[in-house]
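In: coordinates for the following, if possible.
(one chain, ligands or ions: 1)
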Amino acid sequence: MTFGIDDLPVRDELRGKSPYGAPQLDVPVRLNTNENPYPLPEPLVERIAERVREAARGLNRYPDRDAVELRTRLAEYLTKTSGHAVGVENVWAANGSNEVIQQLLQTFGGPGRTALGFEPSYSMHALIARGTGTGWISGPRGEDFTIDLAAAERAIAEHRPDVVFVTTPNNPTGNAVPAGTVLALYEAAQAAKPSMVIVDEAYIEFSHGDSLLPLLAGRPHLVVSRTMSKAFGAAGLRLGYLAAHPAVVDAVQLVRLPYHLSAVTQATALAALEHTDTLLGYVEQLKAERDRLVAELRAIGYEVTESDANFVQFGRFEDAHAAWRRILDRGVLVRDNGVPGWLRVTAGTPAENDAFLDAVRELKKEQS
Ligand code: PMP
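Out: Numbering: from 1, shown residues only. Modelled structure (predicted):
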């Protein structure tokens, strides 16, 4: 018998659990993790090298612990793209929005507290809750994957969670949550506790609609989280950030590790922000490809959930996992998020999307 995880004194709530794991398989077309398919443009790669070289000269010292220059540039980006004035004091950054969410749950969740999300949604919200000792409450979504406001308000009033997650556009379903719904959920959460409401806008740049950043005005319990992993095409960089009342930024300092954002990370993110306009140009191409996927999937005869993200949920399958396998057999990796009857495909390059559409066209023929 080999010594394994069960032989270690791991925390009870971690026993028998699996780590987050989208398969990282070596196949020709990988459309499973909502990455941006376009490599960073060469002038940006050069600029990153320059900035990192500069940073390397100072690596004997700890980095700027408060990442002031980076937060200033992120605040400028948010102000410019949302029309809502965001200052450095409103912004906090960490290693991916996963770390932002972890810091928020360490601050506002934790043992004896609970967080609620409307599922199916981004599975890491529940996993980070578990990792931070926060109880998880699975809130309801309608048959069409929208948030039914009355049911959601009832769940908030009943459970009085300390943290409420609203993912818009939602992952894996793709649909956005109307601003009016988010406002009503905020009111319900304030009446019940008051609790913190975290709006996860990881995919907002791909949306037909606007960011909810303007809702931050006068709402100190609201947090908007963002990432450079999707629209900026920099999943490998690991840079997420939030916008909120300055008091929230002060509060997360209580749990952040000192110097959590390396000088290399800060330098790379600053270089990427200098190229925002080029990178957002790719977003426009991806939105057009996303819309093409929606139209073609419907033309083939699949059901599709309305998408405001860089991915599309499609179905329905009697056995979604078997369908996932058949598509993989044709060299295309999509995602089975465990939503019964549905799969999710990320918008790739036009050629990748063509390969995917060929695969699902054949699958449809096989199944009819
Ligand atoms: N939020 C949502 C809704 C996501 O889908 C993802 C990534 N899949 C993240 C947050 C985390 O992104 P990152 O840590 O790369 O910023």
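In: ranges for the helices of this protein?
Out: Counting by DSSP state H, the chain has helices at residues 42-56, 68-82, 96-108, 123-131, 149-159, 179-192, 246-252, 263-274, 276-300, 320-329, 350-367.
In: can you give me the neighbour number for T346?
Out: 27 (other Cβ atoms under 10 Å). Placement of C-beta: from N, CA and C, glycine included.
In: repeat that for R57.
Out: 9.
In: check what pLDDT it gets.
Out: R57 is assigned 98 on the pLDDT scale.
In: how close does it get to A271?
Out: Separation of R57 from A271 (Cβ to Cβ, to the nearest Å): 16 Å.
In: next, the contact list for the residue of the stretch 251-368 of the chain found nearest the ligand, please.
Out: The ligand sits closest to A309 of the stretch 251-368 of the chain, with a gap of 8.4 Å, by Cβ to the nearest ligand atom. A309 sits next to 34, 169-171, 174, 203, 206-207, 290 when contact means Cβ atoms under 8 Å, 6 or more residues apart in numbering.
In: could you do L185 as well?
Out: Going by Cβ under 8 Å, 6+ apart, L185 touches 147, 149, 152-153, 156, 164, 166, 197.
In: just give me the residue closest to the centre of this structure.
Out: A202 (3.9 Å; Cα atoms, centre = their mean).
In: okay, now the closest residue in space to G142 that isn't next to it in sequence: neighbour count?
Out: Distances taken as Cβ to Cβ, 6 or more residues apart in numbering place D148 nearest to G142, at 4.6 Å, with adjacent residues excluded. Residues lying near D148 (other Cβ under 10 Å) number 17.
In: do G236 as well
Out: Look at G236: counted by other Cβ under 10 Å, it has 10 neighbours.
In: check the one 3 residues further on too.
Out: Neighbourhood size, L239 [other Cβ under 10 Å]: 29.
In: next: the one 5 residues further on.
Out: Neighbourhood size, A244 [other Cβ under 10 Å]: 26.
In: who are the contact partners of it?
Out: Per Cβ under 8 Å, 6+ apart, neighbours of A244: 90, 92, 216, 220, 222-224.
In: out of those, who's nearest R113?
Out: Nearest to R113 among those: V223, at 15.7 Å, using Cβ to Cβ.
In: can you tell me the closest non-neighbouring residue to that closest one?
Out: Nearest to V223 is A244, by Cβ to Cβ, 6+ apart, at 4.3 Å.
In: distance check, G96 against Q106.
Out: 15 Å.
In: distance check, S195 against the ligand.
Out: Separation of S195 from the ligand (Cβ to the nearest ligand atom, to the nearest Å): 19 Å.
In: what's the neighbour count on the residue of the chain found nearest the ligand?
Out: For the chain and the ligand, the shortest gap (Cβ to the nearest ligand atom) falls at G96, measuring 2.8 Å. Using other Cβ under 10 Å, G96 has 20 other residues around it.
In: isn't it right next to K230, touching?
Out: No: the pair G96 and K230 fails to qualify as a contact (Cβ atoms under 8 Å) at a distance of 11.1 Å.
In: the closest residue to V166 other than its chain neighbours: neighbouring residues, count only.
Out: Nearest residue to V166 in three dimensions, chain neighbours excluded: V199, at 5.1 Å (Cβ to Cβ, 6+ apart). The number of residues packed near V199 is 28, by other Cβ under 10 Å.
In: try W136
Out: Look at W136: counted by other Cβ under 10 Å, it has 17 neighbours.
In: list the contacts of it.
Out: W136 neighbours (Cβ under 8 Å, 6+ apart): 114-117, 126, 129-130.
In: can you pull the residues of the protein lying near the ligand?
Out: 34, 96-98, 122, 167, 171, 200, 202, 227, 229, 235, 240 (Cβ under 6 Å from any ligand atom).
In: switch the cut-off to 5 Å
Out: Counting by Cβ under 5 Å from any ligand atom, the chain comes close to the ligand at 96-98, 122, 167, 171, 200, 202, 227, 229, 240.
In: can you report phi and psi for R65?
Out: Backbone torsions for R65, taken as degrees, to the nearest 10, come to phi -60, psi -30.
In: got any ranges where the stretch 201-350 of the chain has weak pLDDT?
Out: Along the stretch 201-350 of the chain, segments meeting pLDDT under 70 are nowhere present.
In: and the contacts of A244, which are buried?
Out: If you count burial by 16 or more other Cβ atoms under 10 Å, the buried members of the contacts of A244 come out as 90, 92, 216, 222-224.
In: and the two most separated of these?
Out: W92 and L222 (14.0 Å).
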